[in-house]
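*Asks:* sequence below, structure please.
(chains A and B)
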Amino acid sequence: MTTVLPVTARRRLPRRVSGGSDAPVGTRSRSYRAMNVIVTIILSIGGIVMIAPLLWTFSTSLKTKEAVFALPPQWIPDPVQWETYIRVWTAGPLASGIWNSIIVSVSVTVVGTVTSAVAAFAFAKMRLPFKNVVFLAMLSAIMIPFPTIMIPQFKMFADAGMVDTLWPLILPGLFGNIVMIFFLRQFLDSVPDSIIEAAKLDGAGYLRIFFTLIFPAIRPAIAAQFILWFMAMWNDYLAPIIYLNSPEKQTLQLVIASFNATYASQTDYPLIMAASFIALVPVLVVFVVFQRQIIESVALSGSKA
Amino acid sequence: MSTTTIRRSRLHRREHLAAAAFIAVPVLGFLIFIAYPLLFAVYASFTKWNGLGEPVLNGLDNYVEMWNDPYFWQAMGNTVFMMIGIPIGLVISLLLALALNRKMRGTTFFRTVYYVPVISSLAAVAILWQWAYNGDFGLVNQVLAFFGIDGPNWLQNADTAKPAIVIMAVWKGLGFSMLLYLAALQSVPRHLYEAAAIDGAGAFSQFRHITIPMLRPVTFFLVVTSIIGGAQIFIEINIMTPTGGPEFSTASIVWYIWQKAFNYLQMGYATAMSVVLGLLVFVITAIQFQVNRRSQFSIE
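*Replies:* Next up, the predicted model:
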């Protein structure tokens, strides 16, 4: 359970159960292949449905304002107008939105990952009275939906004078992420206690054990959780909309939402689409680069449930 | 003998201190940002509070108001209605997972394609679907026109606004459940199928008697997490129908809480609704843990 799932193993149902004669096997695999063609066609149609809205966003962002309403719709804009991608930077606080999102997502995930990983190590491998009680109490917190605690949290940050700053988005995350602690703790089961004991006999302190032994051993799990958390922070909307008012303080998701509200009345859809597309690009890039880790960690977390 | 016990207990004490220090930060974060706000939410739900001054106790008034508030019930009803996407999405994603579990070319490519909406930002996706649902020149109606259907103005019509949001939510979440089903399918022990085939079970009865039962834990996990996520639907609503939709038809419970708290400054009332939401989610999760304990399965 603690290792990453075999992705390619056991792909296929057994085909050769009938033994001896070759004829049935041949027809079977031929019908299997014929079925594959049908399945591929259906999957392709479905795939177009999945991707079409995204492609259409990009295509619309390159159109002139008039071409947006052309009938029949143009999939390939004529003329192609890249100018919108220049205009979009001055049409609203897009650059500061990206910058704010980077500040929030990077600071939270980098610091929070270290605090989570160190705590997971203590929960999994160190002796401490009542640590499992504490762990279960914290784990039960994942049942509490954010909307239930958002109003008191808002009061706390308002009393501290932090509304309309990035702090309410950053501070809670710096203290770690309970879901991440949970998964890293599970993953640490696969690290043998003996290497820790050996390091202790050599006189290594716990911090050194963590950074030289534990951290490298659980790096794949950390990487996977880090990416998932980063994407969640980058895409967050409810917390930012509660705390941030000034346009230049807003994160990217709020900026594109306000683009949507402002420019829809002016029917400047290419501009809205360009801003939305720019907001999509970073996660798409992260996904393409880390696809394997993301897919494996999602599959792993689901099957663990 | 006694010196070694002393030394050991001293070593233990040092380990205890180090471990306590390591877990201190997340524990502190939990107390400050979750436990305390939760207690405060319960307290504030019994108060009249505008968010600026201090909360003033007013007993059960908020809960009575909630009981008599038609908008609360409508928002609850809308939220529950929008969950019809959950079973639809589960069936489609299971079929997709079965298809992608076949030995054929392009499965990795398709897996990626179907997963792209999952990782895309919901805000951006809501914007582009709002635009796709436009009655005059939206993508959806253009596709329908191709088949000779005259589509409605989806989000401006009380009958179609909710289904429109459901369709989008299914589209967005399909890849996630597909992936979990795929992982579960690939971990079903092969010998079960071999044994069943020897006993003469056909493909359909293998599916019914082996695949479906083996997938039950994942199905259950998906049902529960989707209900919890669905209970908190907000971003789509806030972006696609900023005023709660025609005739309040798309207002979800979180949207209504948010509206009452931050636009009308009825913080006490909003907190009471949020406590009810929290209780509902808690009950659903508790049921999951209970049932899951009974139906443990492992990949061995």
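*Asks:* when you work out contacts or count neighbours from here on, use the C-alpha atoms and nothing else.
*Replies:* Fine.
*Asks:* which SSE is the residue most central in space within chain B in?
*Replies:* Central residue of chain B (C-alpha atoms, centre = their mean): residue B:229, 1.7 Å from the mean position. Using DSSP states H and E, residue B:229 sits in helix B:212-231.
*Asks:* with residue A:31 instead?
*Replies:* Per DSSP H and E, residue A:31 falls inside helix A:23-61.
*Asks:* chain center to that helix, what's the gap?
*Replies:* 26 Å (C-alpha atoms, centre = their mean, to the nearest Å).
*Asks:* quick one on the thing from earlier: is the helix holding residue B:229 in proximity to chain A?
*Replies:* Yes - for helix B:212-231, a contact with chain A is found by C-alpha under 8 Å from any C-alpha of the partner chain, at B:217-218, B:221.
*Asks:* residue A:245 against residue A:166, yeah?
*Replies:* No - judged on C-alpha atoms under 8 Å, residue A:245 makes no contact with residue A:166 at a distance of 10.8 Å.
*Asks:* now do the phi/psi pair for residue A:147.
*Replies:* phi -60, psi -30 (degrees, to the nearest 10).
*Asks:* meant to ask about residue B:54
*Replies:* According to degrees, to the nearest 10, residue B:54 has phi -90, psi 150.
*Asks:* how many other residues sit next to it?
*Replies:* Residues near residue B:54, counting by other C-alpha atoms under 10 Å in any protein chain shown, number 11.
*Asks:* from chain A, how far out is it?
*Replies:* 10 Å (C-alpha to the nearest C-alpha, to the nearest Å).
*Asks:* ok, residue B:108 next?
*Replies:* Distance, residue B:108 to chain A, by C-alpha to the nearest C-alpha: 10 Å.
*Asks:* how is that residue assigned, secondary-structure-wise?
*Replies:* helix (DSSP: H, G, I helix; E, B strand; the rest coil).
*Asks:* with the one 3 residues further on instead?
*Replies:* Here residue B:111 is recorded as helix under three-state DSSP.
*Asks:* backbone dihedrals for residue B:56, both of them.
*Replies:* Dihedral pair for residue B:56: phi -120, psi 130, per degrees, to the nearest 10.
*Asks:* that one pairs with what?
*Replies:* For residue B:56, the beta-bridge partners under DSSP bridges are residue B:48.
*Asks:* what does the pLDDT read for it?
*Replies:* Note for residue B:56: predicted pLDDT of 90.
*Asks:* so what does the helix or strand where residue A:287 lies touch, helix or strand wise?
*Replies:* Using DSSP H and E, residue A:287 sits in helix A:269-289. Identification of packing neighbours for helix A:269-289 by 3 or more C-alpha pairs under 8 Å, 6 or more residues apart in numbering or on different chains; DSSP states H and E yields helix A:23-61, helix A:84-91, helix A:252-264, helix B:107-119, helix B:122-132.
*Asks:* go again with 7 Å.
*Replies:* Secondary structure elements in contact with helix A:269-289, counted by 3 or more C-alpha pairs under 7 Å, 6 or more residues apart in numbering or on different chains; DSSP states H and E, are helix A:23-61, helix A:84-91, helix A:252-264, helix B:122-132.
*Asks:* just the ones you listed: most buried one?
*Replies:* Highest mean neighbour count of the helices and strands packed on helix A:269-289: helix B:122-132, a mean of 23 (counted as mean count of other C-alpha atoms under 10 Å in any protein chain shown).
*Asks:* show me how far that one is from its chain's centre.
*Replies:* 19 Å.
*Asks:* list of residues touching that helix?
*Replies:* A:53, A:57, A:235, A:253, A:257, A:260, A:276, A:279-280, B:138-140, B:235-236, B:239-240 (C-alpha atoms under 7 Å, 6 or more residues apart in numbering or on different chains).
*Asks:* using CSV, write out every CA atom in it.
*Replies:* C-alpha atoms of helix B:122-132 as CSV (Å, rounded to 0.1, in the frame of the first residue of the first chain):
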residue,chain,number,x,y,z
LEU,B,122,-12.3,26.8,-11.8
ALA,B,123,-12.5,30.6,-12.1
ALA,B,124,-11.1,30.6,-15.7
VAL,B,125,-13.3,27.5,-16.6
ALA,B,126,-16.4,29.2,-15.2
ILE,B,127,-15.7,32.3,-17.3
LEU,B,128,-15.3,30.3,-20.5
TRP,B,129,-18.4,28.2,-19.9
GLN,B,130,-20.4,31.3,-19.1
TRP,B,131,-19.3,32.5,-22.5
ALA,B,132,-20.0,29.2,-24.1
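*Asks:* give me the number of residues near residue A:161?
*Replies:* That count, for residue A:161 with other C-alpha under 10 Å as the rule, works out to 11.
*Asks:* how about it, secondary structure?
*Replies:* Look at residue A:161: counting by three-state DSSP, its state is coil.
*Asks:* low pLDDT regions in the chain?
*Replies:* Answering for chain A, as no chain was given. A:1-28, A:301-305 (pLDDT under 70).
*Asks:* chain B was what I was after
*Replies:* B:1-8, B:292-300.
*Asks:* gap between residue A:279 and residue A:150?
*Replies:* The spacing between residue A:279 and residue A:150, counted by C-alpha to C-alpha, to the nearest Å, is 25 Å.
*Asks:* could you find the closest non-adjacent residue to residue B:214?
*Replies:* Spatially, and ignoring its direct neighbours in sequence, residue B:214 is nearest to residue B:188 (6.7 Å; C-alpha to C-alpha, 6 or more residues apart in numbering or on different chains).
*Asks:* is it true that that neighbour lies in a helix?
*Replies:* No - going by three-state DSSP, the assignment for residue B:188 is coil, not a helix.
*Asks:* count of residues packed around it?
*Replies:* Residues lying near residue B:188 (other C-alpha under 10 Å) number 19.
*Asks:* got the phi and psi for it?
*Replies:* Residue torsions, per degrees, to the nearest 10, at residue B:188 are phi -70, psi 120.
*Asks:* how is residue A:171 assigned, secondary-structure-wise?
*Replies:* Note that with three-state DSSP, the state of residue A:171 is helix.
*Asks:* roughly how far apart are it and residue B:32?
*Replies:* From residue A:171 over to residue B:32 the distance is 11 Å, taken as C-alpha to C-alpha.
*Asks:* where's residue A:199 relative to chain B, distance?
*Replies:* 14 Å.
*Asks:* who are the neighbours in contact with that residue?
*Replies:* residue A:209.
*Asks:* with residue B:198 instead?
*Replies:* Counting by C-alpha under 7 Å, 6+ apart, residue B:198 has no contacts.
*Asks:* tell me if the helix holding residue A:31 is near chain B.
*Replies:* Yes - applying C-alpha under 7 Å from any C-alpha of the partner chain, one finds helix A:23-61 touching chain B at A:36, A:39, A:47, A:50-51, A:53, A:57.
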